[in-house]
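Enquirer: Predicted model, plus sequence, below.
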Protein chains: 2
Amino acid sequence: MRGEALKGHLDLLLLAAVRARPAHGYAIIENLRLRSGGSLDLPEGTVYPVLHRLERAGFLRSRWSEASGRRRRTYEVTEEGLSELRARERDWREFSRAVEGVLVEAT
Amino acid sequence: MRGEALKGHLDLLLLAAVRARPAHGYAIIENLRLRSGGSLDLPEGTVYPVLHRLERAGFLRSRWSEASGRRRRTYEVTEEGLSELRARERDWREFSRAVEGVLVEAT
DNA sequence: TCATATACCTAGTGAAACTATGTATCAAGA
DNA sequence: TCTTGATACATAGTTTCACTAGGTATATGA
């Protein structure tokens, strides 16, 4: 897939991924990659700053933990994050329908 | 809809719109706006530079004409543009499926 | 005559995601 | 033992993309 495809939909993806499965950053990336059959393969340098921003915005909450000697920062979606996610889902549906409409359009 | 939603999908949209209906820039914008029920409302400053780039890349061909005293630059999709469009459509489907997969994902 | 719609254009800006790089731990294998 | 790769975090700087803001010009209706 073209790299630029996800532009503008990254918040949606990360919020949805964490809603489905609270996890730490590295695992979120793994989950997205596996769930999408490899097509959503996000660089850490893309994901971590967005997770920080979403937490600052109050949409995610994180706590540090330790697993097999390595520290992890595990995220979950807040109440506010849930309504934000629902709003973004509506946006996605609207956008997606609009694109589909143009793609199937015959003369 | 959020403004940033279309990032990375603008080439797809414009190529598809012109394939469906060869038209001049202003009309392409109108068509997209009407077809999408208003949600795809692209500024001219967004669309015109992309049309120029797509023409430079060989994906669109344009010719000048005149209608009711105003000059128009009408675009159509080239052969090369058609295969580019088909590739972009595949990318879109893949991306769209991946997003849907994450959205419906339960724990 | 004055605003609005039509129709084109581009320079500069801002935001978004990426590249590159760094730190640290652990397991496996040479 | 030493190195490589996977796990796990972080951020500074760059690039890319769409947008804002400004410009030109013609036609139409109030």
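Expert: Cool, got the structure.

Enquirer: so what's the one residue sitting closest to the centre of chain A scoring on pLDDT?
Expert: Nearest residue to the geometric centre of chain A (CA atoms, centre = their mean): residue A:14, 1.4 Å. We have a pLDDT of 97 for residue A:14.

Enquirer: does any bit of the helix or strand where it lies sit next to chain B?
Expert: With elements taken from DSSP states H and E, the one containing residue A:14 is helix A:10-20. Yes: using CB under 8 Å from any CB of the partner chain, a contact is recorded between helix A:10-20 and chain B, made by A:12, A:13, A:16, A:17, A:20. In short, each C-beta sits where N, CA and C put it, glycine included.

Enquirer: give the contact list for the residue nearest to the centre of chain A.
Expert: Residue A:14 makes contacts with A:28, A:47, A:50, A:51, A:54, as judged by CB atoms under 8 Å, 6 or more residues apart in numbering or on different chains.

Enquirer: what's the closest of these to chain B?
Expert: Among the contacts of residue A:14, residue A:28 lies closest to chain B (CB to the nearest CB), at 10.5 Å.

Enquirer: what comes up buried for the longest helix anywhere in chain A?
Expert: Ordering each helix of chain A by length in residues (DSSP state H) puts helix A:79-104 first. By 16 or more other CB atoms under 10 Å in any protein chain shown, the buried positions in helix A:79-104 come out as A:81, A:84-85, A:88, A:91-92, A:94-96, A:98-99, A:101-103.

Enquirer: how close does the nearest residue to residue A:44 once chain neighbours are set aside sit to DNA strand C?
Expert: Spatial nearest neighbour of residue A:44, excluding adjacent residues (CB to CB, 6 or more residues apart in numbering or on different chains): residue A:29 at 6.7 Å. Distance, residue A:29 to DNA strand C, by CB to the nearest atom of the strand, to the nearest Å: 10 Å.

Enquirer: Give the buried residues for the helix or strand hosting residue A:29.
Expert: Using DSSP H and E, residue A:29 sits within helix A:25-35. Using 16+ other CB under 10 Å as the test for burial, helix A:25-35 gives A:25, A:28, A:29, A:31, A:32, A:35.

Enquirer: Check which helices and strands it sits against.
Expert: Helix A:25-35 is packed against helix A:10-20, helix A:44-56, strand A:70-77, helix B:79-104, with contacts defined by 3 or more CB pairs under 8 Å, 6 or more residues apart in numbering or on different chains; DSSP states H and E.

Enquirer: would you list those in CSV and tack on distance to DNA strand C?
Expert: Formatted as CSV, those follow (distance: least, CB to the nearest atom of the strand, whole Å):
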stretch, distance to DNA strand C
helix A:10-20, 3
helix A:44-56, 2
strand A:70-77, 5
helix B:79-104, 11
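
Enquirer: hmm, back to that, please give me every residue in contact with the residue nearest to residue A:44.
Expert: Residues counted as contacts of residue A:29 (CB under 8 Å, 6+ apart) are A:42, A:44, A:47.

Enquirer: Could you export these as a markdown table, including pLDDT and distance to residue B:67?
Expert: What follows is the contacts of residue A:29, written out as a markdown table (pLDDT from 0 to 100; distance: CB to CB, whole Å):
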| residue | pLDDT | distance to residue B:67 |
| --- | --- | --- |
| A:42 | 94 | 47 |
| A:44 | 97 | 53 |
| A:47 | 97 | 50 |
